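Enquirer: can you look at this prediction? I've put the sequence above it.
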There are 2 protein chains.
Amino acid sequence: MSLIAWPVPAPDLHADVHPALAEAARAASAAYGVIRRSHGRTALAEEVAMGADGTPTMRVDAAVEDAIAESAQRSGVNLLSEEAGFLDHGSALTLVVDPVDGSANAASGVPLSCFAGALVRDASPSEALTVWLDTGRTWWARTGHPTPYRTSGRTSLDGATVNLLRPRRSNRDAWLRVLDRAGRLRVLGTTCLETVLVAEGSVDAFADAGSDTLRICDLAAAIVTVPAAGGAVIDARGRPLEFDPDLTRRWSGVAAATPQLADDLAATILG
Amino acid sequence: MSLIAWPVPAPDLHADVHPALAEAARAASAAYGVIRRSHGRTALAEEVAMGADGTPTMRVDAAVEDAIAESAQRSGVNLLSEEAGFLDHGSALTLVVDPVDGSANAASGVPLSCFAGALVRDASPSEALTVWLDTGRTWWARTGHPTPYRTSGRTSLDGATVNLLRPRRSNRDAWLRVLDRAGRLRVLGTTCLETVLVAEGSVDAFADAGSDTLRICDLAAAIVTVPAAGGAVIDARGRPLEFDPDLTRRWSGVAAATPQLADDLAATILG
């Protein structure tokens, strides 16, 4: 059994994070630490169920989501999550979460995985929290409130630093079109961390280059955090990003330092 | 001025690390913390000199290397480093270091950058240390001694998880040949972290897919750490990896879970 040697620190949470979101994040981090201490890489990656989003659920995802579901029930808020789907606890508030963003990283020991969640009322997100599970670092933003994050402000794809979702057969041409114009490519395998790096101004943009892979859970935190820092989050094909309990819906999400850069990326992806 | 918000923790060092190597790592980490607290992203990335390796030196590289050079002088060992070249202090021991691996990450706030160094006597490395500067995590290995790290053991590129140096125009075809056979791609932009992840069994391989970008400083720690964990480090074109003070020499380094996987990758890169 090949255990991952590194401990999982508790998330470093701002005091004003909504209690339901804060508790979900603490539950996720604790569960992630427990499952990593008790299960090796192969066991973490084992597919133990089929998720509500139509993709297989790894053991590491299931363990963390179970802890979040219990936390949401204690908090009395509804939950929309990749594997479990929509859990109705009769609340006006819904937590939209990705329990473990970067599951393949998490299961293999690549220390780039996140919990990310948004608090949503009437299909509108009021705040979002991203926790880099492997370090405990957090990013928190409220809709309509100033944040300490500022994007780079870049407006053109030419020479930009761009993080991409890994290419699939279906979108290789679009992927290479982006690569041809970008100045520096990264592929970290964790959308939620890559989008907060856009908010912080560390990279200019992140994109799914047209493979329609991302679910609303993958984008929920970015939809709050990136615009609060001056950037934009759109779908490359122009579809509205909606907090819809139907988790089979997919988007080619683009998070960029400015609306202009987001549009430039989308146009390049569409070709 | 856009400061990077995160602190730089001290490296978590094994008690048996050679004092000269341990001191260099502590000096690097401390200097990295100081320069990040006082300089924003643009200033960190500013090119302040031309390095001995023939590439421009960013301010963040220069600050960290200066601290390492002072440390090596105090320790009485020679130093071979990317920017300064070879500093002869009349010792039989030479520290071969990459002061900041992943300089572009370090300067922009992508939290993936490393100090890496090997202790070399008569062109043979005796031990190596890699420090993930952003978290303080360390990997240490001694030539001929057992380590806690074990590679994944994978022997074929088909379906393997492969980290690649970002593509250049000159090696795009080779890059895409690797991508076609690999199961999962990552591009983290930090060779030293990516190669210790090979040693740990978190990814199957790392490669410069034929762009001849890597210097001996980039590969020094991997040359000790990956084989100690059961893997192999080779040049894709079969050139010997030598501890040579001539820093204009470049390699297309391949670090893989097994010698078979390294050969499969090299053959795919050569096409």
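Expert: In hand now; what should we look at?
Enquirer: now the helices for the stretch 101-250 of chain A?
Expert: A:103-108, A:172-181, A:191-200, A:216-228 (DSSP state H, counting those that start in this stretch).
Enquirer: looking at those helices, which is closest to B:R59?
Expert: B:R59 lies closest to helix A:191-200 among these, at 19.5 Å (C-beta to C-beta). Quick note: C-beta positions are derived from backbone N, CA and C, even for glycine.
Enquirer: deepest-packed of the helices of the stretch 101-250 of chain A, please.
Expert: The highest mean neighbour count among these, using mean count of other C-beta atoms under 10 Å in any protein chain shown, belongs to helix A:191-200: a mean of 29.
Enquirer: is chain B contacted by that one?
Expert: Yes. Judged by C-beta under 8 Å from any C-beta of the partner chain, helix A:191-200 and chain B are in contact via A:L197, A:E200.
Enquirer: and that helix, how far out from the chain middle?
Expert: A distance of 9 Å separates the centroid of the chain from that of helix A:191-200, by C-alpha atoms, centre = their mean, to the nearest Å.
Enquirer: can you check what angle separates it from helix A:216-228?
Expert: With axes from the mean of the first three to the mean of the last three C-alpha atoms, to 10 degrees defining the directions, helix A:191-200 sits at 10 degrees from helix A:216-228.
Enquirer: and helix A:191-200, C-alpha only, in PDB?
Expert: Only the C-alpha atoms of helix A:191-200 are listed here, as PDB (Å, rounded to 0.1, in the frame of the first residue of the first chain):
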ATOM      1  CA  THR A 191      -9.700  23.900 -12.200                       C
ATOM      2  CA  CYS A 192     -10.500  25.500  -8.800                       C
ATOM      3  CA  LEU A 193      -6.900  26.300  -7.900                       C
ATOM      4  CA  GLU A 194      -6.200  27.500 -11.500                       C
ATOM      5  CA  THR A 195      -9.100  29.900 -11.400                       C
ATOM      6  CA  VAL A 196      -8.100  31.400  -8.100                       C
ATOM      7  CA  LEU A 197      -4.700  31.900  -9.500                       C
ATOM      8  CA  VAL A 198      -6.400  34.000 -12.300                       C
ATOM      9  CA  ALA A 199      -8.100  36.000  -9.500                       C
ATOM     10  CA  GLU A 200      -4.800  36.600  -7.800                       C
END
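Enquirer: which elements pack onto that helix?
Expert: strand A:93-101, strand A:114-121, strand A:124-132, strand A:137-142, strand A:161-164, strand A:205-207, helix A:216-228, strand A:253-256 (3 or more C-beta pairs under 8 Å, 6 or more residues apart in numbering or on different chains; DSSP states H and E).
Enquirer: and it, average pLDDT?
Expert: Averaged across helix A:191-200, pLDDT comes to 98.
Enquirer: ok, stretch A:41-57 next?
Expert: On average, stretch A:41-57 scores 91.
Enquirer: which other residues reach it?
Expert: A:1-4, A:35-36, A:58-62, A:65, A:81-86, A:104, A:106-109, A:215, A:217, A:247-248, B:201-202 (C-beta atoms under 8 Å, 6 or more residues apart in numbering or on different chains).
Enquirer: in the stretch 1-150 of chain A, what residue comes closest to chain B?
Expert: Proximity of the stretch 1-150 of chain A to chain B (C-beta to the nearest C-beta) peaks at A:G109, 3.6 Å away.
Enquirer: stretch A:25-39: which residues count as buried?
Expert: For stretch A:25-39, a neighbour-count test (16 or more other C-beta atoms under 10 Å in any protein chain shown) marks A:A25, A:R26, A:A27, A:A28, A:S29, A:A30, A:A31, A:Y32, A:G33, A:I35, A:R36, A:H39 as buried.
Enquirer: element containing the third one?
Expert: Element membership of A:A27 [criterion: DSSP states H and E] is helix A:19-38.
Enquirer: name the residues of the next helix or strand along the chain from that helix that are buried.
Expert: Past helix A:19-38, further along toward the C-terminus, the next helix or strand under DSSP H and E is helix A:41-45. Neighbour counts using 16+ other C-beta under 10 Å place A:R41, A:A43, A:L44, A:A45 of helix A:41-45 among the buried residues.
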